[in-house]
Each structure stands twice: as C-alpha cells, then as structure tokens.
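Participant: need coordinates for the below:
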Amino acid sequence: MALFRSLARQFKALSVAAPRVAAPSALSQAPRFAAAPAAAPTLVSTLAMRSAIAFPQLQVRAMGYKLKTKAAVKKRFKVNKNGLVKRAQANKRHIATKKTRERIRRLGKPVFVEGKIRKNVLRMLGKK
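Facilitator: Presented below is the predicted three-dimensional model:
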C-alpha cells in the first residue's frame with residue numbers, strides 16, 4: 001500500500017498541466033521566454049510511468065554507470081598478490097647534484113602505500 005501511495009505521489013509530480021494562454025496585451029509586454037509553454041515530459045519519465053502502471057510492484061530507477069580503471073593510477077602503482085600497493089619514490093629524476101649517492105639509491109627503491117590512500121588507489125584500479 002505504501003508503494004502505491006509513493007507511486008501516486010510520483011505521478012502527481014510528473015503530471016503536466018496544460019499551458020495557460022495569456023491575453024494578447026500581456027504577451028506584447030512580457031518577454032518572449034516568459035510565454036513559452038511548459039516542456040513535455042521526457043521519454044525517460046513517460047517510460048517510467050508506463051512501466052510503473054504495468055508493473056506496480058516494481059521500482060523504476062535510472063541506470064548507473066560502470067567505473068573505469070584510471071589509466072594514470074594503473075601506470076604508477078602495482079598491486080602485489082597479498083594486496084600491498086607498491087609505488088616509486090619522487091625526487092630522483094633530475095636536479096640530483098645536491099643529493100648524495102645514498103639518497104639517490106634509497107629513492108630508487110619502491111615503497112608501499114599505506115592507509116586511506118591505499119584504499120583509494122585500490123578502488124581506482126577496480127580491485128575492491
């Protein structure tokens with residue numbers, strides 16, 4: 001019964017009233033866009049109304065979209081078999097004259113991503 005009431009409310013909101021025609025003198029004074037008739041219901045809303053009438057027990061909703069893997073994340077991060085996310089370190093590529101050999105060697109080693117960032121990277125890769 002509650003579903004029927006909610007559908008009735010939705011139909012009431014979707015119903016389109018006939019546009020009222022103003023007097024000719026009012027039309028000449030008002031701007032053109034104010035006298036435009038109300039827009040017809042869209043194809044999606046009419047299809048939703050039809051399916052709701054034919055199948056009142058079903059709920060109609062718009063279709064979502066499938067998330068794609070982010071190419072930028074795909075080329076910068078690697079996921080191990082045990083789920084750890086590996087990345088390269090920054091500050092190694094150029095302006096290395098001020099950096100010690102030890103530091104450059106350390107920056108060449110991969111590190112693991114931790115915490116909330118790891119969760120976000122896994123989501124962008126489509127792993128979770």
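Participant: do you know the pLDDT at residue 30?
Facilitator: pLDDT, residue 30: 57.
Participant: okay, now the unreliable bits of the chain?
Facilitator: For the chain, the stretches flagged by pLDDT under 70 are 1, 3, 11, 13-45, 47-48, 50-52, 54-67.
Participant: ranges for the helices of this protein?
Facilitator: For the chain, applying DSSP state H gives helices covering 2-14, 24-29, 43-54, 71-76, 101-107, 115-125.
Participant: by contact count, what packs against the last one?
Facilitator: Put plainly, it is helix 115-125. Contact partners of helix 115-125 among helices and strands, from 3 or more C-beta pairs under 8 Å, 6 or more residues apart in numbering; DSSP states H and E: helix 71-76, strand 77-79, strand 85-87. All C-beta atoms are positioned from the backbone trio N, CA, C, and that covers glycine.
Participant: how about the last one: buried residues?
Facilitator: Right, strand 85-87. Using 16 or more other C-beta atoms under 10 Å as the test for burial, strand 85-87 gives 85, 87.
Participant: how many neighbouring residues does residue 77 have?
Facilitator: Using other C-beta atoms under 10 Å, residue 77 has 19 neighbouring residues.
Participant: same thing with residue 121?
Facilitator: When neighbours are defined as other C-beta under 10 Å, residue 121 has 19 of them.
Participant: that one against residue 112, yeah?
Facilitator: No: using C-beta atoms under 8 Å, residue 121 makes no contact with residue 112, being 10.9 Å away.
Participant: shared neighbours, those two?
Facilitator: When contacts are counted by C-beta atoms under 8 Å, 6 or more residues apart in numbering, residue 121 and residue 112 are jointly contacted by residue 85.
Participant: mind listing the residues bridging to the spatially closest residue to residue 80 that is not a sequence neighbour?
Facilitator: Once flanking residues are discounted, residue 80 sits nearest to residue 86: 6.4 Å by C-beta to C-beta, 6 or more residues apart in numbering. Note on residue 86: beta-bridge partners by DSSP bridges are residue 78, residue 112.
Participant: who's in contact with residue 86?
Facilitator: 77-80, 110-113.
Participant: 6 Å - rerun?
Facilitator: 78, 110, 112 (C-beta atoms under 6 Å, 6 or more residues apart in numbering).
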